[in-house]
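Student: For reference, the sequence and a predicted model appear below.
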Amino acid sequence: MRYHSTRSKDDLKTFEEAVLSAYASDGGLYVPDHLPSLPENYRSLWKELSFPDVCAEVFHLFCDIDVAVLRGLCAESYKDFNDGVTHLPLHRFDDLYLLDTSLGPTLAFKDVGQQIMGKLINYLLAQRGERGNIVVETSGDTGPAAIAGVRGSSHVNIFCLYPHGRVSEVQELQMVTVDAPNVFVYRTEGNTDEQASVLKEIFDDHAFLQRHHIFSVNSINIGRIIAQSSYFIWASLQFPEAAAAAGLTVVIPTGAFGNAMGAYFARLMGAPLGRIVCATNANDIVHRTIAYGDLRLDENRQTVSPAMDIQFAYNLERMLYYVTDEDSATVRRVMVDVEAQYRALGDHRRSKPPLSAELVAKMQAIFTSYSVSDEDTLRTIAAFHARHGFTLCPHSATAVHVATTSPSLVAAAASAGRPNTTIAVLTAHPDKFEDTVTRALREYGGGGAQYATFTYAVSAPVAALKTLPQRFRWLRKRPTDEEAEAQDEDEDAWRQRWIATLRRDIEAANAVAPAVAPVAPATSSSSSSTL
């Protein structure tokens, strides 16, 4: 199997080259030259497998790494999830299942992708005797998970940007308290779209990328999508064949569309997923794209679900590639216009008319979308806690709100004789959002003394983060006095200053990097490369 851009099928790459990269050379995202199908008898073959083993089998469909090696990497990646239990929790409440993907090291679904990506990248670089550099920005959950995946690695440095004041306290602490020589954290005065525009410009410098082996582990990386597809496939195996055959509806909190893209990959490969339902917050580009074909970038709004505060949902490009029957030319035309907006954030006059009605109809044959307000998010947290004694994070609450209030989903669940096959995905643990959960219960908990003074209590490991020293570097929009004297800055000068800082830091970190030697491959019966 080879990989090429969503915008052109000419420049073919190996799995290793696609994973150890960022954007394709033409600005597109990597996709396989053909999507593999699940084995015809995969239900009988994989039914009794643990989640890590299913993940390994799915990865094996996309690459030629020995499956025993992949099983070893996945076992190591997920050994600390869910207190060592190798199945993901699948809770049932009334007519709804909740798939809990939030029980990894940083308490977010991103751990599922980032833990295996960390082990896989370390393994691939070790085989080559090379070092690499991950450059990543985060809206809150990707950063902590990516750092946790590679902290202490002998083969990888990570440079991570996060927006100050737009992530939760715990999300921030999970980044700035990491004391490891290969971890570099930047607190910025921007938002996630501004951060991503900086990284996009760095990733466009292919000579710099190649010189320092720079790649990304945001969900632009095809490895992330493969990993995230695996838990939808695993979840489908937990249902009786008759129920699965009716088509499982999945409801997914959605920011950059990577989680939804994982579900779409699983569906295209043959997993019995029916409708894929996307729940957004006020940053609703995914909803507007699916509902109206409107890909215009809008103002990035701060909400109570910060990991979804994204306007540039880059995995929409992969979705468009597949709904257009892999038409690279159409994808390229659409994305050129989107990127014209992206280079002029805030200037929405440059956008063109929405996608064609035909293309919108193709998306709507597979996807449904909803935008959920902060008030509805908070009310859902309170109502679900009151009814079931179960606490949702604000991102998961958007999916539960849609699953429990959407007329079509409610009607389907109530249909006589219809199997219960609606799954909402829990994407983060409430421990990461104690202030929001506290607010939800106090303001919408129904009154009474128990809610008037309610304060959400985080676990001891999370509380301990607040006692640790912090390490980070500021990336400010306002220039220092020295910088201001050196040049007359225009309003976009901060972007170039940030890029220059990141380039200098990457070069400095690699100037002192120790030489590394190739290592023998890991297998399921031996430990993978130590991170």
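Tutor: Great, that's in hand.

Student: how about residue 331, what does it touch?
Tutor: Contacts of residue 331 were listed using Cβ atoms under 8 Å, 6 or more residues apart in numbering, and they are 6-7, 28, 317, 320-321, 324. (Glycine included, C-beta is placed from N, CA and C.)

Student: which residues of the stretch 251-400 of the chain fall in helices?
Tutor: Along the stretch 251-400 of the chain, counting by DSSP state H, counting those that start in this stretch, helices occupy 258-269, 285-292, 316-323, 328-342, 357-364, 374-388, 394-405.

Student: quick check: angle from the third one to helix 258-269?
Tutor: Read it as helix 316-323. 20 degrees (axes from the mean of the first three to the mean of the last three Cα atoms, to 10 degrees).

Student: before we move on, back to that, among the helices of the stretch 251-400 of the chain, single out whichever gets nearest to residue 167.
Tutor: Of all the helices of the stretch 251-400 of the chain, helix 394-405 sits nearest to residue 167, with 12.4 Å by Cβ to Cβ.

Student: in that closest one, what's buried?
Tutor: Under the neighbour-count criterion of 16 or more other Cβ atoms under 10 Å, helix 394-405 has 394-404 buried.

Student: picking that back up, identify the farthest-apart pair in the contacts of residue 331.
Tutor: Farthest pair in the contacts of residue 331 (Cβ to Cβ) is 28 and 324. Separation: 13.1 Å.

Student: Who has more neighbours out of those two?
Tutor: Ranked by neighbour count (other Cβ atoms under 10 Å), residue 28 and residue 324 place residue 28 first, with 22 against 19.

Student: would TSV of the buried residues of helix 394-405 with distance to residue 35 be doable?
Tutor: Listed next are these as TSV, based on distance: Cβ to Cβ, whole Å:
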residue	distance to residue 35
394	33
395	28
396	29
397	32
398	28
399	25
400	30
401	32
402	27
403	27
404	33
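
Student: For residue 292, state which of those residues is nearest.
Tutor: Taking Cβ to Cβ as the measure, residue 292 lies nearest residue 402 of the buried residues of helix 394-405, at 17.6 Å.

Student: for that closest one, what are its contacts?
Tutor: Contacts of residue 402 (Cβ under 8 Å, 6+ apart): 251, 277, 279, 370, 372, 409, 424.

Student: on that earlier part again, let me know the closest of the contacts of residue 331 to residue 83.
Tutor: Lowest distance from residue 83 to those (Cβ to Cβ) belongs to residue 317, with 37.3 Å.

Student: can you list contacts of the helix or strand that contains residue 149?
Tutor: Taking DSSP states H and E as the criterion, residue 149 maps to helix 142-150. If you take Cβ under 8 Å, 6+ apart as the criterion, helix 142-150 is touched by 104-106, 108, 110-111, 113-115, 117-119, 121-122, 134, 136-138, 156, 158, 160-162, 171, 174-175, 178, 182-183, 185, 217-219, 307, 531.

Student: Ok, stretch 104-117 next?
Tutor: The contact list for stretch 104-117, computed with Cβ under 8 Å, 6+ apart, reads 19, 55, 59, 73-74, 77-78, 80-81, 101-102, 141-142, 144-146, 148-149, 170, 174, 217, 219, 221, 223-224, 227-228, 230-231, 258-259, 307, 425-429, 431-432, 462.

Student: how many neighbours does the closest residue to residue 214 other than its chain neighbours have?
Tutor: Among residues not flanking residue 214 along the chain, residue 133 sits closest, at 4.8 Å (Cβ to Cβ, 6 or more residues apart in numbering). Counted by other Cβ under 10 Å, the residues lying close to residue 133 total 21.

Student: Let me see the mean pLDDT of the helix or strand in which residue 133 is found.
Tutor: In this assignment (DSSP H and E), residue 133 forms part of strand 132-137. Here strand 132-137 scores 96 as its mean pLDDT.

Student: Counting by contacts, list what that strand packs against.
Tutor: Packing partners of strand 132-137 (3 or more Cβ pairs under 8 Å, 6 or more residues apart in numbering; DSSP states H and E): helix 110-128, helix 142-150, strand 156-163, helix 192-203, strand 214-215, helix 493-511.

Student: Just name whatever secondary elements the helix or strand containing residue 226 is in contact with.
Tutor: Assigned by DSSP H and E, residue 226 belongs to helix 222-237. For helix 222-237, the elements it packs on are helix 15-19, strand 30-32, helix 42-46, helix 51-60, helix 110-128, strand 248-253, helix 258-269, judged by 3+ Cβ pairs under 8 Å, 6+ apart.

Student: buried subset of the contacts of residue 331?
Tutor: The neighbour-count test (16+ other Cβ under 10 Å) applied to the contacts of residue 331 identifies 6-7, 28, 317, 320-321, 324 as buried.

Student: Would you format these as CSV with pLDDT and distance to residue 339 included?
Tutor: Formatted as CSV, these follow (pLDDT from 0 to 100; distance: Cβ to Cβ, whole Å):
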residue, pLDDT, distance to residue 339
6, 98, 13
7, 98, 11
28, 96, 11
317, 97, 10
320, 97, 13
321, 98, 15
324, 97, 18
